[in-house]
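K.L.:
All I have is the shape, not the residue letters:
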Ligand SMILES: [Zn+2]
């Protein structure tokens, strides 16, 4: 694995999408068919994980392809949560990849109704900044994207109340770094809070 900020061809984007899906699953950021990953290609097409598929078993032939409006461009049906990815791509022309997961620590904050806004770790402050909490919206509905919309332009990761986390960046490896860095910080925050209560 070698994070790169260089433009990627479709073959590389497909390979990296599969690798990130496997990483998400191996790290228990997702279970069952949870979570979804997408990449926006230079020609505007979106590669996305399909609906109801375990990310640990993701393969090239399962990748769905859509346009920016979510219209199918191959035989696979994209995740029902693709709408949040498309919102981010529309709001942020600089974003080329999105990772959505239910990582244990980040999701614990999201369920508790807490944003991650305390500057506690220097690496995270410098790279990710604060992670706001979008109010609850039912997954896969306009209600969720409406809650996210005002926050997308100003942050590279969001928590979604009672749901999980989403991170995005100029390429898939940047989105993955934000995902894993956010979860690492959330774990530190959970540990810090429990120790302060003793
Ligand atoms: Zn979800």
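P.N.:
Thanks, I have it. Keep in mind the model is a prediction, meaning the values are calculated, not measured.

K.L.:
okay, CA-based contacts and neighbour counts for the rest of this
P.N.:
Noted.

K.L.:
Helix or strand with the lowest mean pLDDT in the chain?
P.N.:
When each helix and strand of the chain is scored by mean pLDDT, DSSP states H and E, helix 122-127 comes last, with a mean of 62.

K.L.:
Just list what the helix or strand following that helix packs against, helices and strands only.
P.N.:
Following helix 122-127 in sequence order, the next helix or strand is strand 133-134 (DSSP states H and E). Contacts defined by 3 or more CA pairs under 8 Å, 6 or more residues apart in numbering; DSSP states H and E place strand 133-134 against helix 142-152, strand 157-160.

K.L.:
helices or strands up against the longest one?
P.N.:
Pointing back at helix 142-152 there. In terms of contacts (3+ CA pairs under 8 Å, 6+ apart), helix 142-152 is packed against helix 82-91, strand 133-134, strand 157-160.

K.L.:
Apart from its neighbours in sequence, what residue is nearest residue 152?
P.N.:
Once flanking residues are discounted, residue 152 sits nearest to residue 88: 6.4 Å by CA to CA, 6 or more residues apart in numbering.

K.L.:
Contacts only, for the one you found.
P.N.:
95, 149, 152 (CA atoms under 8 Å, 6 or more residues apart in numbering).

K.L.:
Residue 165 and residue 103 touch, don't they?
P.N.:
Yes. Assessed by CA atoms under 8 Å, residue 165 is found in contact with residue 103 at 7.2 Å.

K.L.:
Below-threshold pLDDT in this protein: ranges please.
P.N.:
The chain contains residues with pLDDT under 70 at 1-8, 118-127, 182, 184-198.

K.L.:
Residue 11 is nearest to which of the helices and strands packed on strand 133-134?
P.N.:
Closest to residue 11 of those, according to CA to CA: strand 157-160, at 26.2 Å.

K.L.:
same for the next helix or strand after that closest one, what does it pack against?
P.N.:
Downstream of strand 157-160, the next assigned helix or strand under DSSP H and E is strand 164-169. When contacts are defined as 3+ CA pairs under 8 Å, 6+ apart, strand 164-169 packs onto strand 97-101, helix 104-112, strand 157-160, helix 172-196.

K.L.:
Direction included, what does strand 164-169 pair up with?
P.N.:
With DSSP bridges as the test, strand 164-169 is paired with strand 97-101 (antiparallel), strand 157-160 (antiparallel).

K.L.:
Export these as TSV, with columns for mean neighbour count.
P.N.:
Shown next, in TSV, are these (neighbours: other CA atoms under 10 Å):
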stretch	mean neighbour count
strand 97-101	28
strand 157-160	28
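
K.L.:
Residue 141: neighbour count?
P.N.:
If you count neighbours by other CA atoms under 10 Å, residue 141 ends up with 13.

K.L.:
And residue 146, by the same measure?
P.N.:
Per other CA under 10 Å, the neighbour tally for residue 146 reads 16.

K.L.:
mind listing what the closest residue in space to it that isn't next to it in sequence touches?
P.N.:
Nearest non-adjacent residue to residue 146, counting by CA to CA, 6+ apart: residue 137, 8.0 Å away. Neighbour list for residue 137: 143-147, 160-161 [criterion: CA under 8 Å, 6+ apart].
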